[in-house]
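J.: mind looking at a prediction? Sequence and model below.
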Amino acid sequence: MTTTPTELVVLDMAGTTVRDDGVVETAFRRAAERTGVAADIGWDRALQYVRDTMGQSKVEVFTHLAGGDRDRAEVATAAFEAAYAELIADGGAEPIAGARETIEALRAAGLQVYLTTGFAPVTRDALLDALGWRDLVDGVLSPIDAGRGRPAPDLVLAAALRARVSDVRAVAVAGDTASDVRSGLAAGAGVVAGVLTGAHDEAALRAAGAHRVLASVADLAALLPGVGARASVIA
């Protein structure tokens with residue numbers, strides 16, 4: 001982990017800053033039922049794959065479930081986005097405790113904060129609207145905005161470029177999945193933290209290479225070089 005002062009914090013959405021409580025899995029199940037995309041491998045195997053790949057681009061996950069058939073994957077992804085929107089409209093979106101306050105404190109301390117997600121922009125934006133978070137952060141990125149989804153480094157690097165950081169080591173990344181961790185490490189981020197509020201447990205996050213594993217994103221500010229005390233006082 002670096003001692004370079006932090007300039008940018010890149011945070012995952014579902015499971016890291018936004019409480020999931022099985023909403024993503026439920027949306028995947030509805031999409032699979034409506035499109036039959038997982039019929040060839042069976043739902044139990046499909047669900048395990050979904051859990052293992054949490055954080056990755058949804059169309060890439062469905063491409064695997066569809067046996068490499070991109071057209072079927074895109075249909076299933078659209079069904080997933082519709083199902084997720086239904087669940088959010090029914091009140092399925094709420095922030096992780098302390099997430100909003102942490103983001104506000106980080107920005108007040110002079111840092112930029114970007115949210116990243118494997119969701120398509122339409123789902124991402126519906127989630128932001130449901131939470132009232134449109135103006136909370138400096139930017140929000142989906143795989144289509146950056147190139148590749150996680151675990152590739154593209155989302156983190158795209159945020160770093162947009163934020164005009166002086167050094168990639170001045171970027172801190174936090175997420176609840178192994179893919180989040182691998183993405184941050186591949187990008188060269190100076191701080192890569194796993195959080196225990198989402199899909200993967202401590203063993204999986206440490207195996208992926210997380211510098212630290214935190215109870216939640218609310219504990220992140222204290223970990224950041226040159227920021228912790230400042231943000232804690234503001235919060």
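T.: Cool, the structure landed.

J.: identify the residue nearest the residue lying farthest from the centre of the chain in space, chain neighbours excluded?
T.: Of all residues in the chain, Asp40 has its C-alpha farthest from the mean position, at 28.6 Å, by Cα atoms, centre = their mean. Spatially, and ignoring its direct neighbours in sequence, Asp40 is nearest to Gly67 (6.2 Å; Cβ to Cβ, 6 or more residues apart in numbering). Bear in mind the C-beta positions are built from the backbone N, C-alpha and C, glycine included.

J.: give me the neighbour count for the one you found.
T.: The number of residues packed near Gly67 is 11, by other Cβ atoms under 10 Å.

J.: any idea how far it lies from Leu47?
T.: In this view, Gly67 and Leu47 are 17 Å apart by Cβ to Cβ, to the nearest Å.

J.: isn't Asp145 right up against Ala159?
T.: No - in this structure, Asp145 sits apart from Ala159 without contact. The criterion is Cβ atoms under 8 Å, and the distance is 9.5 Å.

J.: more crowded one of the two?
T.: Relative neighbour count places Ala159 above the other of Asp145 and Ala159, with 29 against 16, counting by other Cβ under 10 Å.

J.: and that one, how far from Val9?
T.: As for Ala159, its distance to Val9 is 9 Å (criterion: Cβ to Cβ).

J.: longest helix of this structure, counting residues only.
T.: In the chain, taking DSSP state H as the definition, the longest helix is helix 70-89.

J.: what residues does that one touch?
T.: 23-24, 26-28, 30-32, 34-35, 37, 58-59, 62-63, 65-66, 119-120, 122-123, 126-127, 130 (Cβ atoms under 8 Å, 6 or more residues apart in numbering).

J.: list only buried entries from these.
T.: Taking 16 or more other Cβ atoms under 10 Å as the criterion, what is buried in those is 23-24, 26-28, 30-32, 35, 37, 58-59, 62-63, 65-66, 119-120, 123, 126-127, 130.

J.: now, these that are in strands?
T.: Residues from the buried ones among the contacts of helix 70-89 lying in strands, with DSSP state E as the criterion: none.

J.: these in helices, which ones?
T.: For the buried ones among the contacts of helix 70-89, the ones inside helices are 23-24, 26-28, 30-32, 35, 58-59, 62-63, 65, 123, 126-127, 130, with DSSP H as the criterion.

J.: overlap of the contact sets of Ala159 and Val9?
T.: Taking Cβ under 8 Å, 6+ apart as the contact rule, Ala159 and Val9 both touch 114, 171.

J.: picking up where we left off before, where's the residue nearest to Asp40 relative to Val75, distance?
T.: From Gly67 over to Val75 (counting by Cβ to Cβ), the distance is 14 Å.

J.: next one: Leu223
T.: If you measure Leu223 against Val75 using Cβ to Cβ, the figure is 42 Å.

J.: element containing the residue nearest to Leu224 when sequence neighbours are not counted, please.
T.: The shortest distance from Leu224 to any residue other than its chain neighbours is 4.3 Å, reached at Thr6 (Cβ to Cβ, 6+ apart). Assigned by DSSP states H and E, Thr6 belongs to no helix or strand.

J.: pretty sure Thr6 sits against Ala170.
T.: Yes - assessed by Cβ under 8 Å, Thr6 is found in contact with Ala170 at 5.9 Å.

J.: mind checking which of the two has more residues around it?
T.: The neighbour count for Thr6 versus Ala170, taken as other Cβ under 10 Å, is higher for Thr6 (28 against 22).

J.: residues touching the more buried one, list them.
T.: Thr6 makes contact with 111, 170-172, 190-191, 224-227, according to Cβ under 8 Å, 6+ apart.
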